[in-house]
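Peer 1: From the sequence below, what's the structure:
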Amino acid sequence: MEASRAKKLVTDYVEAYNAFDVAGMLRHLHAEVVFRNISGGQVNLTTTGKESFRQQAERAKSYFSQREQRIIDWQFADNRAEVRIDYSAVAAVDFPNGLKAGDALQLQGRSVFQFAEDRIVSIDDIC
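Peer 2: All right, here's what the predicted structure looks like:
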């Protein structure tokens, strides 16, 4: 996939994520998309397929009153794009890790997107 097309798919996805727009997040996903959240080297969430992704994305909307992923760097190779992300959010609920509703969260991480059939076929969010 050309870097310009990959960048468009990822940018659209991130803009939809920031807007809490689940339908927009789904727009460029492959039917068999695999999503993994990886924290501290451990996979703590995996979804397979668009419907499973949609359900998780709908649940996640309630976790934060504000959220923003800001892409600060891009790398492209073959059918893959890796982006470094600054993430900021405000918790809407109390979390088991001690984060309380109203607390601000600032993280840096990266996301790896893979593409097939002109769609996003996998997303790994890594922090």
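
Peer 1: And the host helix or strand of Val43, what's buried?
Peer 2: In this assignment (DSSP states H and E), Val43 forms part of strand 42-48. Within strand 42-48, the residues that qualify as buried by neighbour count (16 or more other Cβ atoms under 10 Å) are Thr47. All C-beta spots, glycine's among them, are computed from the backbone N, C-alpha and C.

Peer 1: which residues are in contact with that strand?
Peer 2: Residues external to strand 42-48 that are found in contact with it (Cβ atoms under 8 Å, 6 or more residues apart in numbering): Glu32, Val33, Val34, Phe35, Arg36, Asn37, Ile38, Phe53, Gln55, Gln56.

Peer 1: Now list the buried members of the residues you listed.
Peer 2: In terms of neighbour count (16+ other Cβ under 10 Å), the buried residues within the contacts of strand 42-48 are Val33, Val34, Phe35, Arg36, Asn37, Ile38, Phe53.

Peer 1: partners of the host helix or strand of the fourth one in the sheet?
Peer 2: Right, the one you point to is Arg36. Arg36 belongs to strand 29-39 when assigned by DSSP H and E. According to DSSP bridges, strand 29-39 forms sheet pairs with strand 42-48 (antiparallel), strand 119-126 (parallel).

Peer 1: which residues sit against the longest one?
Peer 2: Read it as strand 119-126. Here strand 119-126 makes contact (Cβ under 8 Å, 6+ apart) with 9-10, 13, 28-30, 32-39, 109-115.

Peer 1: On the three-state scheme, the residue lying closest to Lys100 once chain neighbours are set aside is what?
Peer 2: Nearest residue to Lys100, sequence neighbours excluded (Cβ to Cβ, 6 or more residues apart in numbering): Asp94, at 5.2 Å. Using DSSP: H, G, I helix; E, B strand; the rest coil, the structure places Asp94 in coil.

Peer 1: How about Phe20?
Peer 2: Following three-state DSSP, Phe20 is assigned to coil.

Peer 1: Report how many residues lie close to it.
Peer 2: Applying other Cβ atoms under 10 Å, we find 17 residues neighbouring Phe20.

Peer 1: Please report how far Arg119 lies from His28.
Peer 2: Shown here: Arg119 relative to His28, a distance of 6 Å by Cβ to Cβ, to the nearest Å.
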